[in-house]
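1. Have a look at this fold, sequence not included:
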Ligand SMILES: [Zn+2]
């Protein structure tokens, strides 16, 4: 069975924030025609268990490095013709300056970011909308410190409605950082795990409207392990239910 025939049946993908596993998964996905990254539900659940078992040895990868991972995945998906148009939804609390920069001139990849602003790395104002042919294929939604579930949900509902008028992706890639959680020690947002569940649902609905539900989710930031675990579980729970 070819990749393209195989892929639409897949719902859940989890890539671990553990570089060696992540690279292994990516490498295997190329070599083995997608047997590792795009897993079926049962295998997805076993990967989740493995992730939770391994969480104590998890180490952190900075935003720029993870941006590179996202870029690698996007390129991979397009190069093996799994997708022609990719929507990246990035709710990591840090603006994904690397991802934005790579795709800012590319109308086949829409980059949508919600992030604390002003905050590290300093980029991500609403005026950054892409360049050249990529103008209006970048949407930044800077949010002030203290943003709640409701602030995010209102923004995501509004923005996805706006995005889908002009951009119907056939694959959605989530930069699933959970460092906007209210218990996260780095940033100043007040998101709960229920909020992350709801964000996931909103993105899933877009995915089902335009992309046969195809979502690839990449775990990014999260610096309180309890909050990260609960948020990841909420995210996965929602993906499994949609
Ligand atoms: Zn982050």
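-> All right, it came through fine. Just so we're clear, the structure is a prediction, and the values are computed from it rather than from any experiment. Residues are numbered from 1 along each chain as shown.

2. could you pull out the helices for the protein?
-> Under the criterion DSSP state H, the chain contains helices at 3-6, 19-31, 41-53, 63-79, 97-103, 149-166, 193-210, 225-241.

3. Just want the angle from the last one to helix 193-210.
-> Orientation check (axes from the mean of the first three to the mean of the last three CA atoms, to 10 degrees): helix 225-241 against helix 193-210 gives 30 degrees.

4. how much space between residue 116 and residue 144?
-> Shown here: residue 116 relative to residue 144, a distance of 8 Å by CB to CB, to the nearest Å. (Glycine included, C-beta is placed from N, CA and C.)

5. who's more crowded, the two?
-> Neighbour tally, residue 116 and residue 144, criterion other CB atoms under 10 Å: the higher count belongs to residue 116, 23 against 12.

6. what is the more buried one paired to in the beta sheet?
-> When assigned by DSSP bridges, residue 116 has beta-bridge partners residue 143.

7. State the distance from it to residue 138.
-> When distance is defined by CB to CB, residue 116 is 18 Å away from residue 138.

8. Next, count neighbours for residue 225.
-> 11.

9. quick one: pLDDT of it?
-> On pLDDT, residue 225 comes in at 84.

10. which secondary element of the protein has the worst mean pLDDT?
-> helix 3-6 (a mean of 34; mean pLDDT, DSSP states H and E).

11. got a list of what residue 118 touches?
-> Contacts for residue 118 (CB atoms under 8 Å, 6 or more residues apart in numbering) come out as residue 142.

12. One more pass at 10 Å, please.
-> 95, 124-125, 142, 144-145 (CB atoms under 10 Å, 6 or more residues apart in numbering).

13. Give me the buried subset of those.
-> Buried members of the contacts of residue 118, counted by 16 or more other CB atoms under 10 Å: 95, 124, 142.

14. now those as JSON lines including pLDDT and distance to the ion?
-> Formatted as JSON lines, these follow (pLDDT from 0 to 100; distance: CB to the ion, whole Å):
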{"residue": "95", "pLDDT": "90", "distance to the ion": "9"}
{"residue": "124", "pLDDT": "95", "distance to the ion": "12"}
{"residue": "142", "pLDDT": "98", "distance to the ion": "14"}
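
15. could you list every residue that touches the nearest residue to residue 87 once chain neighbours are set aside?
-> Closest residue to residue 87 apart from its sequence neighbours, by CB to CB, 6 or more residues apart in numbering: residue 169 at 3.7 Å. With contact taken as CB under 10 Å, 6+ apart, residue 169 is in contact with 83-89, 108-110, 163, 206-207, 209-211, 214.

16. ok so, going back, which one among the buried ones among the contacts of residue 118 gets closest to residue 183?
-> residue 95 (21.2 Å; CB to CB).

17. Wait, the closest one touches residue 126, no?
-> No. If you go by CB atoms under 10 Å, residue 95 and residue 126 don't touch, sitting 11.6 Å apart.

18. Any idea how many residues pack against residue 88?
-> 26.

19. Residue 174 now?
-> 26.

20. got the contact list for it?
-> Here residue 174 is in contact with 13, 70, 87-92, 199-200, 203-204, 207, 215-220, 235, 239 (CB under 10 Å, 6+ apart).

21. let's go with 7 Å and repeat that
-> The contact partners of residue 174, by CB atoms under 7 Å, 6 or more residues apart in numbering, come to 89, 203, 215, 217-218.

22. Among those, which one sits closest to the ion?
-> Distance to the ion, by CB to the ion, is smallest for residue 218 among these, at 12.1 Å.

23. The closest one: neighbour count?
-> 22.

24. shouldn't it be in contact with residue 175?
-> Yes. In this structure, residue 218 is within contact of residue 175 by CB atoms under 7 Å, at 6.0 Å.
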